[in-house]
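Enquirer: Okay, structure incoming, though there's no sequence with it:
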């Protein structure tokens, strides 16, 4: 199966995945304020990244890259971000280097989003195949990227037909990129959460931001298993590893305990604006979403804008209900109850 066919399969199966009604975010209850002394219309959601102002600490999380369908998806998402004033990460740009394929990952995305923050994306496990870190200029430069996402996805690769399962030396490759890169490097999991040991190693290597990307959102292991024609030779049942990994909340709490000053983003299972506010209260600097935006992105830019406005409205209402005038005032003091606690990670 070619890289382009795989990306098409990712889109198809991600759309087929249904979100569960229950979520780890439901374990977080925030404090209600009966006398907020706040004007709802004046609640500020303003945030920033690399000196660029954004209208909320919310970003479009990396979704897909490669085939022609992905070009349309990315452009619609970028156009919506420009209209609403949000940041965006593109999908994996591996094909831009390995196959010389640039659709959906070219300067067209930068033109669509304007001057708002835009993040390039490359797989950490593929760094070893590059002659030099400067080869990443082929994915960074066309986007005029404000940051580079290196996604870490061992438990996706292991279920992928012909996946990359030799992860020896990857940390040193990440360190090499961090030393070379003139823009911040973001390490992002893809739905299994970041453990504290890996978090410490990534920060030591020079990573600026950790996107914990925990369980609860799109399950790329399920997608790869579904697409693997000979999976029965690997697994006795497709759901053997269905509970593997950490939720976004578990990863956020553990990393904040171990590395309280570390910049963290929250993605993975973020369903709505209330989940975004809960993430911010748990110490995340920003929160990302992909799954809820994929279907409207296949429809139109206007459909994506409509969902984004809903999300911002929900964030503003949650801030109002907490009695805060700005998302910058959110913190752990606004958490009423949080059930469960992760084990040492």
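Expert: On my side now, so go ahead. The structure displayed is predicted, hence computed values, not measured ones.
Enquirer: which residues in the chain form strands?
Expert: 28-30, 47-49, 52-54, 58-60, 87-89, 118-123, 147-151, 185-188, 209-211, 263-266, 286-289, 335-338 (DSSP state E).
Enquirer: For the second one, could you pull out the residues that count as buried?
Expert: Which is strand 47-49. By neighbour count on 16 or more other CB atoms under 10 Å, the buried set for strand 47-49 is 47, 49. Quick note: C-beta positions are derived from backbone N, CA and C, even for glycine.
Enquirer: So what are the sheet partners of it and their directions?
Expert: In the sheet, strand 47-49 lines up against strand 52-54 (antiparallel) (DSSP bridges).
Enquirer: which residues touch the closest residue to residue 277 other than its chain neighbours?
Expert: Spatially, and ignoring its direct neighbours in sequence, residue 277 is nearest to residue 318 (4.1 Å; CB to CB, 6 or more residues apart in numbering). Residue 318 makes contact with 30, 273, 274, 277 under the criterion CB atoms under 8 Å, 6 or more residues apart in numbering.
Enquirer: Surely the last one and residue 329 touch.
Expert: It refers to residue 277. No: applying CB atoms under 8 Å as the test, residue 277 and residue 329 come out as separate, 11.2 Å apart.
Enquirer: Tell me which of these two has more neighbours.
Expert: Set residue 277 next to residue 329 and count neighbours by other CB atoms under 10 Å: residue 277 wins out with 27 against 15.
Enquirer: confidence score at that one?
Expert: Residue 277 is assigned a predicted lDDT (pLDDT) of 98.
Enquirer: Next, count neighbours for residue 230.
Expert: Using other CB under 10 Å, residue 230 has 7 neighbouring residues.
Enquirer: Do I have it right that residue 281 meets residue 331?
Expert: Yes: counting by CB under 8 Å, residue 281 touches residue 331, with 6.2 Å between them.
Enquirer: These two: which has the busier surroundings?
Expert: It is residue 281, of residue 281 and residue 331, that has more neighbours when counted by other CB under 10 Å, with 21 against 12.
Enquirer: Can you show me the helices along this protein?
Expert: Secondary structure of the chain (DSSP state H): helices located at 3-16, 68-84, 94-98, 107-113, 137-140, 154-157, 170-180, 196-205, 220-227, 248-258, 273-281, 291-299, 301-322.
Enquirer: from the ones you listed, which stretch is densest packed?
Expert: Mean neighbour count, computed with mean count of other CB atoms under 10 Å, is highest for helix 273-281 among those, reaching a mean of 25.
Enquirer: ok now that helix, how far from the chain's centre?
Expert: 15 Å (CA atoms, centre = their mean, to the nearest Å).
Enquirer: do the same with stretch 167-176
Expert: On CA atoms, centre = their mean, the centre of stretch 167-176 falls 21 Å from the chain's centre.
Enquirer: Tell me which residues touch the residue most central in space within the chain, please.
Expert: By CA atoms, centre = their mean, the chain has its centre lying nearest to residue 61, at 3.9 Å. Contacts for residue 61 (CB under 8 Å, 6+ apart) come out as 89, 211, 213, 267, 288, 289, 290.
Enquirer: Comparing the helices of the chain, which yields the minimum mean pLDDT?
Expert: The minimum mean pLDDT among the helices of the chain belongs to helix 3-16 (a mean of 52).
Enquirer: still on that earlier bit, nearest to residue 188, of the helices of the chain?
Expert: Proximity to residue 188 (CB to CB) singles out helix 196-205 among the helices of the chain, at 10.2 Å.
Enquirer: Mind putting the strands of the chain into CSV with mean pLDDT and distance to residue 301?
Expert: Formatted as CSV, these follow (pLDDT from 0 to 100; distance: least, CB to CB, whole Å):
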stretch, mean pLDDT, distance to residue 301
strand 28-30, 95, 32
strand 47-49, 96, 22
strand 52-54, 97, 18
strand 58-60, 97, 12
strand 87-89, 97, 13
strand 118-123, 95, 16
strand 147-151, 97, 23
strand 185-188, 98, 25
strand 209-211, 98, 25
strand 263-266, 98, 24
strand 286-289, 96, 17
strand 335-338, 91, 36
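Enquirer: need those in a markdown table with distance to residue 109, can you?
Expert: Listed next are the strands of the chain as a markdown table, based on distance: least, CB to CB, whole Å:
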| stretch | distance to residue 109 |
| --- | --- |
| strand 28-30 | 34 |
| strand 47-49 | 17 |
| strand 52-54 | 16 |
| strand 58-60 | 11 |
| strand 87-89 | 8 |
| strand 118-123 | 7 |
| strand 147-151 | 14 |
| strand 185-188 | 17 |
| strand 209-211 | 19 |
| strand 263-266 | 20 |
| strand 286-289 | 17 |
| strand 335-338 | 37 |
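Enquirer: do you know which of those lies nearest residue 138?
Expert: Each of the strands of the chain has some distance to residue 138 by CB to CB; the shortest is strand 118-123, at 9.7 Å.
Enquirer: Remind me what that closest one packs against, helices and strands.
Expert: Packed against strand 118-123 by the contact rule (3 or more CB pairs under 8 Å, 6 or more residues apart in numbering; DSSP states H and E) you find strand 87-89, helix 94-98, helix 137-140, strand 147-151.
Enquirer: Tabulate those in TSV, adding columns for distance to residue 42.
Expert: Output for the helices and strands packed on strand 118-123, formatted as TSV (distance: least, CB to CB, whole Å):
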stretch	distance to residue 42
strand 87-89	23
helix 94-98	43
helix 137-140	38
strand 147-151	31
